[in-house]
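In: Just to be clear, the model below is a prediction. Sequence and coordinates:
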Amino acid sequence: MSNAVNPDIPTAKWTMVQPWRGIFAVLVSVGLTIGIAANFKVDAWAGWFTAWSCALVPIQVIIGLVWCANYPPVQKFDQPWRGLALTLFQLLIGSITTLFLIKYVGGGSINPVLNTFIISSVVVTFFLVIALGCWPFQKLSTPARGFLPFLCVFVIMALLFRLFNFNDLVAIIPPLAAIAPAGPIPWDVAVSFFLVMFAFLFAFVPLGMWPLCKFPRLMKQPVLGVVLIILCLILAYVSWLVFVNGFGMKPLNVMLGFICFVAGMLTIFVPLQGWPGRSFTQPANGFINLILSGVVAVILYYFYQYFAVSHFGVETMKNFPMNIFILAEMMLGVTFPLYVTYSIFFDYWPLPPTPPPAEQ
C-alpha cells in the first residue's frame, strides 16, 4: 500500500534506509524478547517454552527462506495483516509439531531429551535449506518444495539422534531411560558440536559462499551441500581441538560462544539486511560483517546476561548448565525468530515497505 493511500505510514527518510530500519527492528525484537522472558520463571523458560519456541523455527525457516514469505499466498494482504497471517500459520504448524514431538520423542512430557532433539532439529533445518538448497525437492511445486524438506528434518534427526548418549541424565532422572538413546556420543558434546557446525554454515552466508563461489562446479546441488557439510564438520572439529582439547572449555560453554556469534550474524543478516558490508564486494563484504557480528555478539551476550541475572537471580545464573540454556534460548530461540517475524513477515511495519536494493 503506498503512502499516498495510507497516511499512517511514516515518511521520514530514516524509516526507508539502513542501518536505521535495522536498528529499529533490533530494538523491537530485543525489547519483545525481554518482555516475553520477564513473564517466565526459570523452569518454564528452560522447559516447555524452549521446546515450543524452538519447534516454531523449522517451519519459520521454510516460510522465510524457501517460500520467501509468499506462501501461504498472502501477497494480496496489506501489512500488518500479511505478517499476522504468516505468523499465525507458523504458530499453527509449529504448535502441531511440538505436540507431535512431545508424544513421540518426549514420551508425553517436556524433558531434556525432547529439548535436545528439537534444538538439534533446528540445525538440521538450516543445513537442508542453506547448504543443500532443499535438494532434491527444489524443482517441485511451492508447497512440496517446503513441506517435504520440513518433514525430512525430523526423519534425519531421528536417525542422527541415535548417536546421542543421555546416560548421565538417566542416572539423575531414571524415567528418561524409556526414551533416551544410548549412542556413542554424550548428548552435550553432540548438541554443542552440531551448533558449532551451524555457526560455520551461517558464516558462509554473509561471505556469499566464498571461496566456493569461485568454482562453478561446486555451486551445483547436491555437490555444494556435501562440500559445505564437510567443510563445517572440519571447521567444527578444529574449533573443538582448540577450545575443548586445547583450552579445556566445557562443550556447552563452547556452544554458547558460537550461539552468540550466530546471534550477531543474524542481527546483521536479517534486520540490518547485510549492512554495512553490502557496500563492498566479496569477500570484503562478508569479512566486514563477520567482524561486526562478533561485536554485536558480545553486546547481546552481556545485555542478556545482565537481564537474566536481574530476573532469574544470581544463583540461577551460576547453575550450570541451566545458565547456558537460559541465554541460548533468549538469543536463538526468541530473538532470532522475532527478527524474522518482524523484518520479513511484517516487513518492518509500521515503517514503509522495504525498498528495492538499488534504492536502499
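Out: In hand now; what should we look at?
In: Could I get the CA-only coordinates of stretch 154-169 as CSV?
Out: Output in CSV follows, covering the C-alpha atoms of stretch 154-169 (Å, rounded to 0.1, in the frame of the first residue of the first chain):
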residue,chain,number,x,y,z
PHE,A,154,12.6,-34.9,11.7
VAL,A,155,13.3,-38.1,9.8
ILE,A,156,17.0,-37.2,9.5
MET,A,157,17.1,-36.0,13.1
ALA,A,158,15.5,-39.3,14.3
LEU,A,159,18.4,-41.1,12.7
LEU,A,160,21.1,-38.8,14.0
PHE,A,161,19.6,-38.8,17.4
ARG,A,162,20.7,-42.5,17.8
LEU,A,163,24.2,-41.2,18.1
PHE,A,164,23.4,-39.2,21.3
ASN,A,165,24.0,-40.6,24.7
PHE,A,166,22.0,-39.5,27.8
ASN,A,167,23.3,-41.9,30.4
ASP,A,168,24.4,-39.1,32.7
LEU,A,169,20.9,-37.6,32.7
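In: Quick one: residues in contact with that stretch.
Out: 97, 101, 112-113, 116-117, 120-121, 124, 128, 176, 180-187, 190-191 (C-beta atoms under 8 Å, 6 or more residues apart in numbering). Where C-beta positions appear, they are placed from N, C-alpha and C, glycine not excepted.
In: and these, which of them are in strands?
Out: 185-186 (DSSP state E).
In: Would you mind checking the contacts of stretch 154-169 for buried ones?
Out: 97, 101, 112-113, 116-117, 120-121, 124, 128, 176, 180-181, 183, 186-187, 190-191 (16 or more other C-beta atoms under 10 Å).
In: which residues of the stretch 101-250 of the chain fall in helices?
Out: Taking DSSP state H, counting those that start in this stretch, the helices of the stretch 101-250 of the chain run over residues 112-126, 142-160, 167-172, 187-203, 223-240.
In: wait, which of these is closest to residue 315?
Out: helix 167-172 (19.2 Å; C-beta to C-beta).
In: Pull the distance from that closest one to the chain's centre.
Out: Taking C-alpha atoms, centre = their mean, to the nearest Å, one finds helix 167-172 lying 28 Å from the centre of the chain it belongs to.
In: And stretch 108-119, by the same measure?
Out: For stretch 108-119 - counting by C-alpha atoms, centre = their mean - the centre lies 17 Å from the chain centre.
In: Excluding chain neighbours, give the residue nearest to residue 180 in space.
Out: With sequence-adjacent residues excluded and distances taken as C-beta to C-beta, 6 or more residues apart in numbering, residue 180 is closest to residue 166, at 3.7 Å.
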